[in-house]
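J.: need a structure here:
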Amino acid sequence: MVGDFMKTIIIGGGASGLACAIKAKNKNNEIIILEKESKCGKKILVTGNGKCNYFNDDFTIDHYNSNNKDILNEVINEDNKKLVLDFFDSIGIIPKIKDNYYYPVTNQAITIREALVNYALKIGVKIITDVNIVDINYNGKYEIITTDNTYTSDNLVLATSLLAMKGNEFGMNIARKFNHSVIEPLPALVQLKGNEKYFKEWAGIRTDVNVSLYINDNYIKNSEGEIQLTDYGISGICIFQLSSLVNKALYDNKKVNIKINFIPWINNNIKEFLSDRNNKLNNPNISDLLDGMINYKLVNLILDLSNISRDKKYNELTNNDINNIINYLTNFDIKIIDSMGFDKAQVCSGGIPLNEININNMSSYKNNNLYIIGELLDVDGECGGYNLGFAWVSGLLAGIDINDKN
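T.: Sure, this is the predicted structure:
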């Protein structure tokens, strides 16, 4: 087909679909985006609290999850980091970088969306919105049947969402039709639930912590940042970063525990720190000694769980009392029973396995001239621009391959 005039249809006008379309377009081909919504890139507008954290300078494999992480490692690299940054420079985005996070200098997500859509239209990409696709068939060419029209194309790019909300399974069903398997989608970047009566006592607390994930009593990973303590369990970015691994373990019926260090800023011996603080404050009540260290609600809770009166002097505590307090301060253990589900999740884990595609150009090993990019693939990243980062890379790699065909 090299040298022939080719048509490519991209199903989905989100981040990966728009990046793919722009990179794929040349004067010898036709690129069409079919988007079910009234506008392309709607999800871009809500990222980064409306500021669009569109990339992260620390573009490394440590920030991603996949069942084929060795394959993913082939594209999470410095070359593709440069590919993304050069791409945004080419469409006129001026970055503002803060703590490795990339934002548009305007601090407005609409800047990213408009730059992508306007540049795509400028170079001749056709965007058709409000499209309801009924079916897609393949017989040498792809036939995309909608409620209003039927389109044919040489190449097909699947760039739909995976399961931002349960029930939106179109992309998965089409992938299955073309012989792909699907790893069960699960919520990721989501709040976690427990079943403790004391949750109502700590609801509303926000504090900086270090949290550790244990699966079947084995340490897996830790995360630092602000935690939000709620009446159902725990939330916050540090919890979101672990939630993908948590939900996979729960799906496999494994035991999951989160352990919280409420005083990560104390690097030396905790018992020695408490003793020194007690001497400095002239042997106060234990509640007064702790009040300056952590939220007062946590003080009350920890003392209740330790069966220690608030009025008791530090010097009156037994070694067992002190060890209990230290354990609750540094190793507060919560059994996780569930997450808040797809409705609250920012992204999903699971999707099309990476070993079923050519990771270098995102083409399918299962069907000719089929590309799968973005959220449909079994890749999910941490908060901080990583999920968009993979969306850009996968879209650009597919677009380069399509462009090179003619």
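J.: Identify the residues contacting the helix or strand bottoming out on mean pLDDT in the chain?
T.: In the chain, the helix or strand scored least confidently by mean pLDDT, DSSP states H and E is helix 170-177, which has a mean of 89. Taking contacts as CB atoms under 8 Å, 6 or more residues apart in numbering, the residues outside helix 170-177 that touch it are 11-12, 133, 136, 158, 160-163, 182, 185, 351-352, 372, 375-376. Heads up, the C-betas are built off the backbone N, CA and C, glycines and all.
J.: now with 7 Å?
T.: Contact partners of helix 170-177, identified using CB atoms under 7 Å, 6 or more residues apart in numbering, comprise 133, 136, 158, 160, 162, 182, 352, 372, 376.
J.: mind putting these in TSV, neighbour count and secondary structure included?
T.: Conversion of the contacts of helix 170-177 to TSV gives the following (neighbours: other CB atoms under 10 Å; DSSP: H, G, I helix; E, B strand; the rest coil):
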residue	neighbour count	secondary structure
133	16	strand
136	22	strand
158	29	strand
160	28	coil
162	24	coil
182	19	coil
352	25	strand
372	29	strand
376	30	helix
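J.: Mind picking the lowest-pLDDT entry from the residues you listed?
T.: Within the contacts of helix 170-177, pLDDT reaches its minimum at residue 162, with 74.
J.: from the chain's centre, how far out does stretch 330-341 sit?
T.: Average the C-alpha atoms of stretch 330-341, do the same for its chain, and the two points are 19 Å apart (CA atoms, centre = their mean, to the nearest Å).
J.: how long is it end to end?
T.: Terminal residues of stretch 330-341 are spaced 28 Å apart (CA to CA, to the nearest Å).
J.: In that stretch, which residues are buried?
T.: Of the residues in stretch 330-341, those with enough neighbours to count as buried (16 or more other CB atoms under 10 Å) are 330, 332, 334, 336, 338-340.
J.: what's the farthest-apart pair in those?
T.: Spatial extent of the buried residues of stretch 330-341 (CB to CB) is set by the pair 330 and 340 at 26.6 Å.
J.: after the least confident helix or strand of the chain comes which helix or strand?
T.: Next in sequence after helix 170-177, counting helices and strands by DSSP states H and E, comes strand 183-188.
J.: Now do the least confident helix or strand of the chain against strand 183-188, angle only.
T.: For the pair helix 170-177 and strand 183-188, the angle between their directions (axes from the mean of the first three to the mean of the last three CA atoms, to 10 degrees) equals 160 degrees.
J.: Okay, now the unreliable bits of this structure?
T.: Per-residue confidence of the chain (counting by pLDDT under 70) places the weak regions at 1-4, 163-168.
J.: What would the least confident helix or strand of the chain look like as CSV? C-alpha coordinates only.
T.: Provided in CSV are the C-alpha atoms of helix 170-177 (Å, rounded to 0.1, in the frame of the first residue of the first chain):
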residue,chain,number,x,y,z
PHE,A,170,-17.3,-0.2,23.2
GLY,A,171,-13.5,-0.2,22.6
MET,A,172,-13.0,-3.4,24.4
ASN,A,173,-15.8,-5.1,22.5
ILE,A,174,-14.3,-4.0,19.1
ALA,A,175,-10.8,-5.2,20.2
ARG,A,176,-12.3,-8.6,21.2
LYS,A,177,-14.0,-8.8,17.8
